[in-house]
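> coordinates for the following, if possible.
(one chain, ligands or ions: 1)
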Amino acid sequence: MARVAFIGLGNMGGGMAANLVKAGHEVRAFDLSEPALEKAKANGCLTTGSASQAVQDAEAVITMLPAGKHVREVFESNVIGQAPTNAILIDCSTIDVATAREEIEKAAAAGYEMVDAPVSGGIAAADAGTLTFMVGGTDEAFERARPYLEIMGKAVIHAGAPGSGQAAKICNNMLLGASMAATCETFVMARKLGLDLQTFFDISSKASGQCWSMTTYCPVPGVGPETPADRNYEGGFAAALMLKDLRLAMEAAQSVDAYTPMGAEAETLYARFAESLGGGGKDFSGIIKMIDDSWVAPEGTTPPPLPPVGAKL
Ligand code: NAD
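The predicted structure follows:
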């Protein structure tokens, strides 16, 4: 069993680190947050006083951090030059493609193999060890990272060269954001046209409009399988995180001159819901409440700069 350093023990990283412990690895864990460290300790991790301490003698270093700037800071200040050069470096955070490529290049220049390995699946999948990993890196680096990722996930897919994991992740989530917004507006229109929504679900889920946002994650309470819509849009994948991913997607689209009007519209809609209307903590399917105008913004929320989305059709 290996010595694994795990940095970033938040909503996702906490469960992922615990699964490595359950598989018999010695996990040396660090986070800036005291409660996160306490939880990791209770789950059998050996907590350390710094990220640099966690990576000493590590055979693998895994990070699950909020954004690109945190990844850059941790790798450049605490990992590169501090972990043994034969440690495989695995960043599972969702970050911009450019930073992922840059950090992998810097790591390679210092003698390390590193992959970007963002995940699909939320907190429940992180806890259950059923994440999907999309991995960017050389064939050798992928093979070295794979045994660790297989413990934390149900699928581990080599997406291509360094940065390809992040590219696959934001392409997937751009499609998801746009398809969820389209699913929401479709159900709102179906209701206004007098359709019974369960009947419409039964028809459309077997017709050409079928998509994951409808059949697996229906945004309408009581329709289709149980989803966050049945829990007042609590839990699941936060609208703020969808907005983060859509912004990363738009940044990437610009960098390669890709025309992405549906992605851009999804970004505008999620910015309005998550930020202007204070819905960032709700599941991303909760945007249906903005679209049907039933959303009550929390007190103190800045009024939106635009008229209600469904106001003029
Ligand atoms: P989180 O905010 O719960 O956890 C991040 C942790 O990193 C925090 O505990 C924070 O204290 C720690 N941290 C920040 N800077 C640090 C540093 N310099 N050193 C050590 N620790 C530091 O976030 P999360 O929900 O666990 O998400 C982590 C990543 O996974 C993000 O990139 C997110 O986009 C991605 N993701 C999240 C979900 C989800 O459903 N939550 C799903 C897929 C992907």
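
> hang on, Ser93 packs against Arg72?
No - counting by C-beta atoms under 8 Å, Arg72 is not a contact partner of Ser93; they are 10.7 Å apart. Yep, even glycine has a C-beta here, placed from its N, CA and C like the rest.

> quick one: which of these two has more around it?
The neighbour count for Ser93 versus Arg72, taken as other C-beta atoms under 10 Å, is higher for Ser93 (24 against 16).

> residues contacting that one?
Shown in contact with Ser93 (C-beta atoms under 8 Å, 6 or more residues apart in numbering): Gly8, Thr63, Met64, Leu65, Pro66, Ala67, Gly68, His70, Val71, Pro118.

> now, which of those residues lie close to the ligand?
Here is what survives when those are matched to the ligand using C-beta under 6 Å from any ligand atom: Gly8, Met64, Leu65, Pro66, His70.

> so what does the host helix or strand of the last one touch, helix or strand wise?
Taking DSSP states H and E as the definition, one finds His70 inside helix 68-74. On a contact count with 3 or more C-beta pairs under 8 Å, 6 or more residues apart in numbering; DSSP states H and E, helix 68-74 meets helix 97-109.

> what's next to the helix it packs on, contact-wise?
By C-beta under 8 Å, 6+ apart, the list of residues contacting helix 97-109 from outside reads 68, 71-72, 75-76, 79-80, 89, 91, 113-116, 136-137, 162-163, 165-167, 170, 248, 252, 255.

> got the CA positions of the strand ranked longest in the chain in PDB?
In the chain, with assignment by DSSP state E, the single longest strand is strand 153-160. The C-alpha trace of strand 153-160 is given here as PDB (Å, rounded to 0.1, in the frame of the first residue of the first chain):
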ATOM      1  CA  GLY A 153     -14.300   6.200  -9.100                       C
ATOM      2  CA  LYS A 154     -16.400   3.900 -11.200                       C
ATOM      3  CA  ALA A 155     -14.900   5.100 -14.500                       C
ATOM      4  CA  VAL A 156     -11.400   6.300 -15.300                       C
ATOM      5  CA  ILE A 157     -11.000   7.500 -18.900                       C
ATOM      6  CA  HIS A 158      -7.800   8.800 -20.600                       C
ATOM      7  CA  ALA A 159      -9.000  11.900 -22.500                       C
ATOM      8  CA  GLY A 160      -5.700  12.600 -24.200                       C
END
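
> before we move on, the earlier item: and the buried ones among the contacts of Ser93, selectable in PyMOL?
Restricted to buried positions by 16 or more other C-beta atoms under 10 Å, the PyMOL selection for the contacts of Ser93 reads:
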select buried, resi 8+63+64+65+68+70+71+118
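
> coming back round to it: any of the contacts of helix 97-109 buried? List them.
Buried by 16+ other C-beta under 10 Å: 68, 71-72, 75, 79-80, 89, 91, 113-116, 136-137, 162-163, 165-167, 170, 248, 252, out of the contacts of helix 97-109.

> for Asp196, give me its contacts.
Contacts for Asp196 (C-beta under 8 Å, 6+ apart) come out as none.

> so what's it scoring on pLDDT?
For Asp196, the model assigns a pLDDT of 98.

> quick one on the thing from earlier: in the next helix or strand after the longest strand of the chain, what's buried?
Using DSSP H and E, the next helix or strand after strand 153-160 towards the C-terminus is helix 164-192. By neighbour count with 16+ other C-beta under 10 Å, helix 164-192 contains the buried residues 164-188, 190.

> so, in contact with the ligand or not, helix 164-192?
No - applying C-beta under 6 Å from any ligand atom, one finds helix 164-192 separated from the ligand by no less than 7.9 Å.

> how far is that helix from where the chain is centred?
14 Å (C-alpha atoms, centre = their mean, to the nearest Å).
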